[in-house]
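Asks: below is the sequence, then the predicted model.
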Amino acid sequence: MFGAGGGTSAYQEVEETDLVILWGSNARDTHPIYFHHVLKGLHNGAELYVVDPRRTSSAKWATGHLALDVGTDIALAHAMGRVILDEGLENRAFIERATTGIDEYRAAVEPWTLARAQEVTGVDAALIRDTALAYATADRAQLCWTLGITEHHNAVDNVRALIDLALLTGHVGRWGSGVVPLRGQNNVQGGGDMGSIPNKLPGGYDVEDEVERARFERVWGAPIPPRKGLHLSQMFESMERGEIRAVYCVGENPAESEADVAHARKLLTGLDHLVVQDIFRTATAELADVVLPSCADWCEYEGTVTSSERRVQRVRKAIDPPGLARPDTHIICDLATRLGHDWGAPTAEQVWDELRSVSLNWHAGMSYARLTELGGLQWPCPSEDHPGTPTMHTRLWERDPAARGKPAPFAGVEHAGPLDVLTAEFPLRLTTVRTLDSYNSGVQTGGYSSPLRRDEALCIDPADAEALGIADGERVRVVSRRGAVEAPIRFDGAARPGLAFITPHFSEQVDVNLITNEAWDPQSGTSEFKATAIRIEPLPPRQESLVADAERQERDVPDVRVPVAGS
Amino acid sequence: MTTIDLGTIRRLVSVTVDDVEHRVPEGATIMDVLDGAGCDTPRLCQAPNLTPVNACRVCVVEVEGSRPLVPSCARRVEDGMVVRTDTERVAHSRRMVLELLESANDMSQAGDDVARWSVEYGADPERYGPPGPPAAAGERGNRHPGHHAEPDGETRATVAQPVTVDNDLYVRDYARCILCYKCVEACGTDAQNTFAIAVAGRGFDATISTEFAVPLPDSACVYCGNCIGVCPTGALKSVAEHERREAGIWDPDDETVTSTICSFCGVGCTLELHVQHNTIVNVTSPHDHSVTHGHLCIKGRFGFQHVQNL
């Protein structure tokens, strides 16, 4: 943000802050060790507010739980912004010196009265107001978010609405005050930093910046396409138009993880050539013409990953890879040789040092020796005598305008609800969630036996079930505008009337992405996994096999656990 | 508005240990001074990432002006403090702690340090007679407080009992449990804040227990394994380690420890992979890393099986 795609704060800052907002994040379950830092903050006296449609395990720790309707985040954020402005609690000195666009922001939030926000979001007006006042008056505040913000058709707008709140109150660029997107995967930050975002070169340089691109071309000895590439959702559109005919897919499982997955599978199957490089024989690999087995680099080879606090850390080989599996870089270099470019056989450290030679601001100072000695370094780290940067954008607080640099712009975005609207035909909101012991499409976590794991089920509120005449444990048909799946029902205290949820972890039990919405954010390419309109249909007269199945489910599935404080 | 403790300016204070003067920062513990001075101070319930609880009393020292012995792990230094570790009273107290623990508990997996201290202080648990009969499975966890059987005077009382295996990830081998409280602290406010376990019962019947001694899968446990991570005696360990030990294929001589980063969420926890014969047998995290402080979640500690299912 403000020109650098990364969270602004070190984890330690949340231990020493006064207020924490987890917005669209159930960190207790999805980022458990970050939540340890949050808990230290709470024990030190900080207050926690959780913005989440569900009553999550994180929300149980909160002073205030804002259980908004799915996809109304901007309305809520703007209502908070309006309260802060109305009360005169904005940080005027910071806004004056370090931002632009406050007038546009003021205009954007003006329609969002508390009454209207309550109507649109479903959150009690007094709670919205309390949260806004708490955020604005805290000495220090951390605003964190996860996929509840970003898996929407307007993901980037959602993020910008939250950043606007931080700018409005000056909660950024100071120790204890910052905005922290908690990354879902161990190297989603690093992957982007290395240039896998279609408009970026390694180190965060814009691919359309001619000066920087020329520098990379000199180092690499090859021309770089001068226009930004396609993100995943655009690639699928391009496949649909018949433009992309071949795909080389590394470490991704789109045949299970894409929204509206039946459509994605059809496009992948229709390619002239599909190469899959993965540590597993995934559903996508099953569709491939060529499968290149790769090492699990985090324990079978070498390299680095970058965390949600921009900390670059080394991974190392602990065990031998199985069979013919090879490190990703070795496969890629061999492929380059076959294509007529001899890149040699660089070690992981040599690959890293080449990156350091082009990523001048972020990574140049991060030698393997320093990463080892210091337990990782946080970018920007431009030279070997630089200590790394725990807190970013402190420049915004400089008195000297030259040192302060380019001001941070308010975005003043517009609210737009989920594209998959609720109607009489599709009256229930389905959202996807993650559990503590499982991970994404489940290929990595399916292998270990977790005592917490339960069979997949569509979790709903008993009131909705009663209206539909459905019993706990009964198998039903879940229908969206894209398709239908069968799933057992589970009554769950985290749901509420009108809101159902399910995980993406067990596609072999319930292939939920057959019904999710592929509509994607034009700015980030992320699909709207979090907001699907569904209806629940009882299954037609039950056949013997299904009855037996339901009985088995009832036996195997333990009762909903009694919530225990702090569990 | 919360007041955040930014730490006071740490003055140096003067502490004398066994007639040698040390200048140390205010706020250090006596144990910090002893460690800095190279003393081999025994410890069981102390851990650098947990709040001291003064449970085991094996680190005690004499402090001039203090009538009782002082646990060095918890007591902070004061200017002019005079500490003695080389007295008969200290040695005797440490010997009694080790001896009584060894008389009642199976300390065979407590590590080389404990074995060394035991020899150094001359602990002789055999002088209390042969061990009494072990308790039946689950029996010790359900004793009624205050009801004690009269000892027979011929055998020594022990906490021996069968291993509790009630889930796929951890075992609880309470015959080894010395009630150091570390697991309770790691499950509580020092790390996990889940509060699935606590000390139940009184006196010799005290045990670490879930609520109402229910099996772990019925408790609040979320299987982070941070209790295993801090257990000093092998009372809590992974099923994987337990099964290997039972099968006679546990081979610490072959073990390598490799530092890497967890492959799951974006927090970036440092993992130490303990590998025997090309198989990951345990996962820990270093207590001195700013990301984890030694603590992990269920995926980090147990979720490695996907690289082993060949």
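Replies: That came in fine, so what should we check first?
Asks: please make it C-alpha for all contacts and neighbour counts, starting now.
Replies: Will do.
Asks: what's the neighbour count on residue 188?
Replies: If you meant another chain, say so; for now it's chain A. 18 (other CA atoms under 10 Å in any protein chain shown).
Asks: my bad, chain B
Replies: 18.
Asks: please name the nearest non-neighbouring residue to it.
Replies: The shortest distance from residue B:188 to any non-neighbouring residue, by CA to CA, 6 or more residues apart in numbering or on different chains, is to residue B:195 (4.9 Å).
Asks: distance check, residue B:257 against chain A.
Replies: 8 Å (CA to the nearest CA, to the nearest Å).
Asks: for that residue, give me the pLDDT.
Replies: You'll see residue B:257 listed with a pLDDT of 97.
Asks: quick one: the helix or strand that contains it to chain centroid distance?
Replies: Here residue B:257 sits within strand B:256-261, counting by DSSP states H and E. From the chain centre to the centre of strand B:256-261 is a distance of 22 Å (CA atoms, centre = their mean, to the nearest Å).
Asks: repeat for stretch A:378-397
Replies: 24 Å.
Asks: residues in contact with it?
Replies: By CA atoms under 8 Å, 6 or more residues apart in numbering or on different chains, the surrounding residues in contact with stretch A:378-397 are A:7-10, A:94, A:97-98, A:172-175, A:309-312, A:360-367, A:377, A:403-405, A:407.
Asks: related to what we said a few turns ago, my read: the residue nearest to residue B:188 touches residue B:222, true?
Replies: No: with contact defined as CA atoms under 8 Å, residue B:195 does not count as touching residue B:222 (10.0 Å).
Asks: so residue B:146 sits in a helix?
Replies: No: assigned with DSSP: H, G, I helix; E, B strand; the rest coil, residue B:146 falls outside any helix and is coil.
Asks: helix/strand/coil for residue B:89?
Replies: Quick answer, by three-state DSSP: residue B:89 is helix.
Asks: about what we covered before: hmm, who's touching the strand holding residue B:257?
Replies: Outside strand B:256-261, the residues within contact range by CA under 8 Å, 6+ apart are A:298-299, A:305, A:313-318, B:268-276.
Asks: now these: which count as buried?
Replies: A:298-299, A:305, A:313-318, B:268-276 (16 or more other CA atoms under 10 Å in any protein chain shown).
Asks: of those, which belong to helices?
Replies: Among these, the members falling in helices (DSSP state H) are A:298-299.
Asks: the buried ones among the contacts of strand B:256-261 in strands, which ones?
Replies: A:305, A:313-315, B:270-276 (DSSP state E).
Asks: I'd like the residues you listed as a markdown table, with pLDDT appended.
Replies: What follows is those, written out as a markdown table (pLDDT from 0 to 100):
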| residue | pLDDT |
| --- | --- |
| A:305 | 96 |
| A:313 | 97 |
| A:314 | 97 |
| A:315 | 97 |
| B:270 | 97 |
| B:271 | 97 |
| B:272 | 97 |
| B:273 | 97 |
| B:274 | 97 |
| B:275 | 96 |
| B:276 | 96 |
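Asks: how much space separates the most centrally placed residue in chain A from chain B?
Replies: Central residue of chain A (CA atoms, centre = their mean): residue A:147, 3.9 Å from the mean position. According to CA to the nearest CA, residue A:147 and chain B sit 12 Å apart.
Asks: could you list every residue that touches that residue?
Replies: A:24-25, A:184.
Asks: out of those residues, give me the one that has the most neighbours.
Replies: Busiest of these [other CA under 10 Å] is residue A:25, holding 25 neighbours.
Asks: give me the element it is part of.
Replies: Going by DSSP H and E, residue A:25 is not part of any helix or strand.
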